[in-house]
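K.L.:
Sequence and predicted structure, then a few things I'm wondering about:
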Amino acid sequence: MFLYLSTLTALIPLASLTGLFYLASVEENFPQGCTSTSSLCFYSLLLPITIPVYVFFHLRTWMGIKLFRHN
């Protein structure tokens, strides 16, 4: 079974948002306890932001290369 890029860009943020909602319901000091990089809460906040930013800059770089080659 192959996981395509479009599938991964949809599944990874959904999985991390599920973890985010789970941690919000379980931990009593949720927003304040997310500052340590060793906690799972920190990464559940970081992943939904990181993936779309990476995809945006990757597509922007690819588009720049395409435009540079054709001009």
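P.N.:
Great, that's in hand. Numbering: from 1, shown residues only.

K.L.:
now this protein, which segments are flagged as low pLDDT?
P.N.:
For the chain, applying pLDDT under 70 flags the ranges 1-3, 5-6, 8-9, 29-31, 33, 71.

K.L.:
ok, now with 80
P.N.:
Scanning the chain with the threshold set as pLDDT under 80 gives 1-17, 19-49, 51-52, 55, 69-71.

K.L.:
quick one: the helices in it?
P.N.:
Counting by DSSP state H, one finds helices in the chain at the ranges 5-26, 40-70.

K.L.:
Which one of the ones you listed lies nearest to Gln32?
P.N.:
Closest approach to Gln32 among these (CB to CB): helix 40-70, 10.1 Å. Using the backbone N, CA and C atoms, a C-beta is placed for each residue, glycine as well.

K.L.:
and the closest one with helix 5-26, angle?
P.N.:
Using axes from the mean of the first three to the mean of the last three CA atoms, to 10 degrees, the direction of helix 40-70 lies 160 degrees away from that of helix 5-26.

K.L.:
before we move on, the earlier item: got the helices of the chain as TSV, with distance to Cys34 columns?
P.N.:
Below are the helices of the chain laid out as TSV (distance: least, CB to CB, whole Å):
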stretch	distance to Cys34
helix 5-26	8
helix 40-70	4
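
K.L.:
export the ones you listed to TSV and tack on distance to Gln32 and mean neighbour count?
P.N.:
Formatted as TSV, those follow (distance: least, CB to CB, whole Å; neighbours: other CB atoms under 10 Å):
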stretch	distance to Gln32	mean neighbour count
helix 5-26	12	13
helix 40-70	10	12
